[in-house]
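J.: below are the sequence and a predicted model for it; my questions follow.
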Amino acid sequence: FKKKKKKKNCLKAPFLMPSSSKNKDKSKKEKDKKKEKDKSKKEEVKQYPNESLEFWKTVVSGGDINFVYENVEADLVFLNCLVKNLSHMPLLQHLVLDNNELDEEAVHNISKGINKAIFDNINTLTIKNNMIGVKGAKSLSKVLPKLAPLENLTLSGKIEDKGVGSIIKIISQLPYLQHLDLSDNDITCEGIKGLGDQFKFINQLTYLNLSKNPLGVE
């Protein structure tokens, strides 16, 4: 007896294949949708960081008078949040932004935030060990007169002769200034010449730091 050959079901494969393909397409679409959703969420977080916003609500509602943000790599999202919210911190007395790898552009943006705010109680501004540069120094020089109550000012970050020249010109508009630190700024003797003329306007100055500058170079 000859064994009967089993007939291949030719319909089986064609019917299963489209179904499997449809499932794969559906699964792929769902994954793509999920990726897009996650991407949009991330973008929202970048624009409106929830943690930062909660932080600022706490600062403002608590009437915090000190803000210290230092020893971390500059986070542009957080810095933008700082700039936007400085105007909501009228009780602020101490603003410390040391060691944050701030560049000229970041300092320029911070200056914009200071310009929009009113600080009747500000006592200290310190931007130390950052790359303030000439542009950053010039931006700060335009808004520092708004900080008339300032007693302590520290600017350290390669502001050079042109930058320090801009700062020196407005020193007379800070009548309560007692502590001035311009160390480590690549300032030469040429850049510091104008400072002597300003001493008569800041006769309450008790501390002046010009260390780590090549003052012997004309």
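T.: Happy to help now that I have it. Residues are numbered from 1 along each chain as shown.

J.: okay, now the unreliable bits of this structure?
T.: 1-28, 31, 33-77, 217-218 (pLDDT under 70).

J.: same thing but 50
T.: For the chain, the stretches flagged by pLDDT under 50 are 2-3, 10-17, 41-54, 56-64, 72, 74.

J.: for Ile118, give its distance to Val83.
T.: 15 Å (CB to CB, to the nearest Å). Placement of C-beta: from N, CA and C, glycine included.

J.: swap in Pro149?
T.: 21 Å.

J.: now Gly196
T.: Going from Gly196 to Val83 by CB to CB gives 35 Å.

J.: those two: who's more crowded?
T.: Val83 (18 against 9; other CB atoms under 10 Å).

J.: end-to-end on stretch 188-200?
T.: Separation of the first and last residues of stretch 188-200 by CA to CA, to the nearest Å is 22 Å.

J.: let's have the chain start at 11 instead
T.: Fine by me, first position is 11 from now on; the one you just mentioned is stretch 198-210.

J.: in the chain, which spans are strands?
T.: 76-78, 104-106, 134-137, 162-165, 189-191, 217-219 (DSSP state E).

J.: okay if I get these as JSON lines plus distance to Leu150 and mean neighbour count?
T.: Formatted as JSON lines, the strands of the chain follow (distance: least, CB to CB, whole Å; neighbours: other CB atoms under 10 Å):
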{"stretch": "strand 76-78", "distance to Leu150": "17", "mean neighbour count": "13"}
{"stretch": "strand 104-106", "distance to Leu150": "12", "mean neighbour count": "19"}
{"stretch": "strand 134-137", "distance to Leu150": "8", "mean neighbour count": "21"}
{"stretch": "strand 162-165", "distance to Leu150": "7", "mean neighbour count": "21"}
{"stretch": "strand 189-191", "distance to Leu150": "13", "mean neighbour count": "19"}
{"stretch": "strand 217-219", "distance to Leu150": "17", "mean neighbour count": "13"}
